[in-house]
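1. Predicted coordinates and the sequence they were generated for:
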Amino acid sequence: MIPRKQIQSPRAFRLVLNVNWTLIAILLVMGMFGKRGWLDLKRMNNENQRIQNELSKVQEQKDVLVSEIRALQQDRQAQEHTIRKVLGYIKPDETVIEF
């Protein structure tokens, strides 16, 4: 059996131990607060979720607008309704009564 090397002084051992703990603490702090650390990752995930929600809302708005466009292109009643509502047109034999 090979004998273990004995550390010469407890002071040197404590110094090495303190340096190791300091390095571990620095790595933990950097992993938590540094660039691409845990907090930065959490912030990016929240930002990603917010953007995904916004994208869903915009997609819903787009779908509504596409259906309105199709209705205006194909449905004569939808065209007439929009012309009357937006432009305020009336038929020649109609009378407008405003409240």
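-> That came through, no problem. Residues are numbered from 1 along each chain as shown.

2. Please count neighbours and contacts with C-alpha atoms only from this point.
-> Noted.

3. model confidence over the longest helix along the chain, on average?
-> Longest helix of the chain, by residue count under DSSP state H: helix 38-74. Mean pLDDT, helix 38-74: 95.

4. what sits against the spatially most central residue of the chain?
-> Nearest to the mean C-alpha position of the chain, by CA atoms, centre = their mean, lies Asn48 at 2.5 Å. Going by CA atoms under 8 Å, 6 or more residues apart in numbering, Asn48 touches no other residue.

5. tell me the phi and psi of Asp93?
-> phi -100, psi 10 (degrees, to the nearest 10).

6. residues near it, how many?
-> When neighbours are counted by other CA atoms under 10 Å, Asp93 registers 5.

7. Pull up the gap between Lys35 and Ser9, please.
-> 39 Å (CA to CA, to the nearest Å).

8. Compare those two (neighbour count), which wins?
-> In this view Lys35 and Ser9 are compared by other CA under 10 Å, and Lys35 has more residues nearby, 11 against 8.

9. how about the CA coordinates for the one helix or strand Leu28 maps to, as PDB?
-> For Leu28, the host element (DSSP states H and E) is helix 10-33. This file holds the C-alpha atoms of helix 10-33, laid out as PDB (Å, rounded to 0.1, in the frame of the first residue of the first chain):
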ATOM      1  CA  PRO A  10      -2.800  22.900   8.800                       C
ATOM      2  CA  ARG A  11      -2.300  26.600   7.700                       C
ATOM      3  CA  ALA A  12      -1.600  25.500   4.100                       C
ATOM      4  CA  PHE A  13      -4.600  23.200   4.200                       C
ATOM      5  CA  ARG A  14      -6.900  26.000   5.400                       C
ATOM      6  CA  LEU A  15      -5.500  28.300   2.700                       C
ATOM      7  CA  VAL A  16      -6.300  25.800   0.000                       C
ATOM      8  CA  LEU A  17      -9.700  25.100   1.500                       C
ATOM      9  CA  ASN A  18     -10.500  28.800   1.700                       C
ATOM     10  CA  VAL A  19      -9.400  29.300  -1.900                       C
ATOM     11  CA  ASN A  20     -11.600  26.400  -3.000                       C
ATOM     12  CA  TRP A  21     -14.700  27.800  -1.200                       C
ATOM     13  CA  THR A  22     -14.000  31.200  -2.600                       C
ATOM     14  CA  LEU A  23     -13.900  29.800  -6.100                       C
ATOM     15  CA  ILE A  24     -17.100  27.900  -5.500                       C
ATOM     16  CA  ALA A  25     -18.800  31.000  -4.200                       C
ATOM     17  CA  ILE A  26     -17.700  33.000  -7.200                       C
ATOM     18  CA  LEU A  27     -18.900  30.400  -9.600                       C
ATOM     19  CA  LEU A  28     -22.300  30.200  -7.800                       C
ATOM     20  CA  VAL A  29     -22.700  34.000  -7.900                       C
ATOM     21  CA  MET A  30     -21.700  34.100 -11.600                       C
ATOM     22  CA  GLY A  31     -24.100  31.200 -12.400                       C
ATOM     23  CA  MET A  32     -26.900  33.100 -10.600                       C
ATOM     24  CA  PHE A  33     -26.400  36.700 -11.600                       C
END
